[in-house]
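**Student:** this one's structure only:
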């Protein structure tokens with residue numbers, strides 16, 4: 001298994017899964033800057049209350065984008 005970390009999505013190579021870390025500060029979910037402009041791709045589980053960014057929380061999303069899967073990872 002190989003991992004890579006990038007600061008901008010355009011820099012990444014295609015992978016099996018794209019992991020996006022979310023923090024929760026002062027009770028509010030903080031959107032990572034790396035997905036600015038693409039929030040609509042990830043809003044559904046957040047709007048439904050299925051993902052809140054709690055420590056250890058994960059949401060698996062399937063897409064037809066660069067990666068077939070995206071994991072929203074809560075870091076509290």
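**Tutor:** Everything's here; your move. Since we're looking at a predicted model, the values are computed, not measured.

**Student:** low-confidence stretches in the protein?
**Tutor:** Within the chain, the stretches falling below the threshold (pLDDT under 70) are 1, 9, 36-37.

**Student:** ok, which stretches of it are strands?
**Tutor:** Read by DSSP state E, the chain holds these strands, from start to end of the chain: 17-25, 28-30, 58-62, 69-74.

**Student:** turn these into JSON lines, columns for mean neighbour count.
**Tutor:** For the C-beta atoms, the positions are set from N, CA and C on the backbone; glycine is no exception. As requested, the strands of the chain are exported to JSON lines (neighbours: other CB atoms under 10 Å):
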{"stretch": "strand 17-25", "mean neighbour count": "15"}
{"stretch": "strand 28-30", "mean neighbour count": "12"}
{"stretch": "strand 58-62", "mean neighbour count": "14"}
{"stretch": "strand 69-74", "mean neighbour count": "18"}
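
**Student:** which one, of those strands, ends up nearest to residue 45?
**Tutor:** Go through the strands of the chain one by one with CB to CB and the one that ends up closest to residue 45 is strand 58-62, at 4.6 Å.

**Student:** and residue 46, which of the strands of the chain is closest to it?
**Tutor:** When these are ranked by proximity to residue 46, the top entry is strand 28-30, at 6.7 Å, counting by CB to CB.

**Student:** the closest one pairs with which strands, and in what direction?
**Tutor:** Using DSSP bridges, strand 28-30 pairs in its sheet with strand 17-25 (antiparallel).

**Student:** chain center to the strand it pairs with: distance?
**Tutor:** Offset of strand 17-25 from its chain centre (CA atoms, centre = their mean, to the nearest Å): 4 Å.

**Student:** about what we covered before: would a markdown table of the strands of the chain with distance to residue 42 be doable?
**Tutor:** Compiled in a markdown table, the strands of the chain are given as follows (distance: least, CB to CB, whole Å):
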| stretch | distance to residue 42 |
| --- | --- |
| strand 17-25 | 7 |
| strand 28-30 | 11 |
| strand 58-62 | 7 |
| strand 69-74 | 6 |
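
**Student:** neighbours of residue 56, how many?
**Tutor:** In terms of burial, residue 56 registers 8 neighbours under the definition other CB atoms under 10 Å.
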